[in-house]
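> A structural model of the following input is requested.
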Amino acid sequence: MTPPVLPRPPSQLCSLPRWALRRPVPPCAQRGYRGDSPSDSGKDMLEIPLPPWQERPDEPLPTKRARLLYESRKRGMLENCILLSLFAKENLNRMSERQLNLYDRLINEPSNDWDIYYWATEAKPTPAVFENEVMAMLREFAKNKKREQRLRQPDLEYLFEPPR
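Now for the predicted structure:
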């Protein structure tokens, strides 16, 4: 017959020394950003200068398509990762060089990914400089008229399938 297991005293339940268990806990209110800087101080804004977008006229088309596929998948926000990666899967291989250049400019010139998302979903008007056939294609794609489930980026296996 095994002897009964007795509960351990509280001092043995933790691997910390006894003196550490008795120390007062500092108040948490002293840590972190409270968001109380004056609204006009600009202390809470961080401006990171971005290099200007440059067209790449000598880039070979297969390299451009591969780069745009990568850039469509690796955005700063999940909504655009999903939207642009699915759009790229469906359209990049049949786009002309001119359309690829327009798409390149569209996804790389604006510094705010939310702008691209709002333009594609028609939540905000598209600036004239980006109003073109590729933007129209993206807006039409974002409407999802076939009611497809678009919850994640496409797997990359389709890259190895023969073209249809």
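> Touching, Ala88 and Arg73? I think so.
Yes: with contacts counted by C-beta atoms under 8 Å, Ala88 reaches Arg73, the gap being 7.4 Å. Just so you know, the C-beta spots here come from the backbone N, C-alpha and C atoms, and that holds for glycine as well.
> which regions of the chain lie under the pLDDT threshold?
Within the chain, the segments meeting pLDDT under 70 span 1-48, 159-164.
> how about the strands in the chain?
Along the chain, counting by DSSP state E, no stretch forms strands.
> Ala88 and Arg73: which is more packed in?
Set side by side, Ala88 and Arg73 show more neighbours around Ala88, with 22 against 18, by other C-beta atoms under 10 Å.
> Skip the chain neighbours and tell me the closest residue to that one.
Nearest residue to Ala88, sequence neighbours excluded (C-beta to C-beta, 6 or more residues apart in numbering): Ser72, at 3.9 Å.
> Check Tyr103 too.
Leaving aside its sequence neighbours, Tyr103 sits nearest to Val134 (C-beta to C-beta, 6+ apart; 4.9 Å).
> quick one: buried residues of stretch 69-83?
Buried residues in stretch 69-83, defined by neighbour count with 16 or more other C-beta atoms under 10 Å: 69, 71-73, 75, 80-83.
> will you turn those residues into TSV that also has distance to Glu59?
Formatted as TSV, the buried residues of stretch 69-83 follow (distance: C-beta to C-beta, whole Å):
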residue	distance to Glu59
Leu69	14
Glu71	13
Ser72	16
Arg73	18
Arg75	20
Asn80	22
Cys81	23
Ile82	26
Leu83	24
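> Let me know the closest of those to Asn108.
For these, the closest approach to Asn108 (C-beta to C-beta) belongs to Glu71, at 6.7 Å.
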